[in-house]
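*Asks:* Here is a sequence together with a model predicted from it:
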Amino acid sequence: MKILSALLIGAVFGIGIAISGMANPAKVLNFFDIAGTWDPSLIFVMGGALVVAAIGYRGVFGTRDKPLFEPQYNVPSSRVIDARLVGGSSLFGIGWGIAGFCPGGAIPALGLGYTETFVFVAAMVTGIVIARTLGNLTFKTANA
């Protein structure tokens, strides 16, 4: 049931990404091109997502003590803004601005079959592996 619910949620998200046009990197890049071919539609997509998420969070956390398929909620507890958070956020933003993809938009875009999408996802996975490896090495060194 847990896998089925994840599949359903992922499908709804992917359909939303496809319908909104966010699987098209040109649309995202045009959002960042304020002086040229600016396309403000991403603001409305993000705003709509924020409203739906806020209502969903309020409904879920306000009515349930725990999720349906997990023993507890897994919500980040740290409120510290450190170099790792700022650096990771900066890299995410730079990559998004250069490629026109974020991970959420790239996965559904794989279905379009463009070579660029596969290259982006391969680079993203490689970056995740490198970041986790470096993070584990740093953690082990710090605790030694």
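*Replies:* That came through, no problem.
*Asks:* Leaving out the residues flanking it, which one is nearest to Ala23?
*Replies:* Ala109 (3.9 Å; C-beta to C-beta, 6 or more residues apart in numbering). Just so you know, the C-beta spots here come from the backbone N, C-alpha and C atoms, and that holds for glycine as well.
*Asks:* ok, for the most centrally placed residue in the chain, nearest residue in space, not its chain neighbours?
*Replies:* Central residue of the chain (C-alpha atoms, centre = their mean): Gly104, 4.4 Å from the mean position. Distances taken as C-beta to C-beta, 6+ apart put Ile17 closest to Gly104, at 6.5 Å, once the chain neighbours are dropped.
*Asks:* Count the neighbours of the residue nearest to Ala23 for me.
*Replies:* 24 (other C-beta atoms under 10 Å).
*Asks:* what does Met124 give?
*Replies:* Counted with other C-beta under 10 Å, Met124 comes out at 17.
*Asks:* Against which helices or strands is the helix or strand bottoming out on mean pLDDT in the chain packed?
*Replies:* Lowest by mean pLDDT, DSSP states H and E among the helices and strands of the chain is helix 115-143, with a mean of 82. The contact analysis (3 or more C-beta pairs under 8 Å, 6 or more residues apart in numbering; DSSP states H and E) places helix 115-143 against helix 83-99, helix 103-109.
*Asks:* Is Leu29 in contact with Gly100, as I believe?
*Replies:* Yes: between Leu29 and Gly100 a contact is recorded at 4.3 Å, counting by C-beta atoms under 8 Å.
*Asks:* okay, these two: which has more neighbours?
*Replies:* A direct count of neighbours by other C-beta under 10 Å for Leu29 and Gly100 places Gly100 higher, at 22 against 18.
*Asks:* Spatially nearest residue to Lys66, not counting backbone neighbours?
*Replies:* That would be Gln72: by C-beta to C-beta, 6+ apart, it lies 5.5 Å from Lys66.
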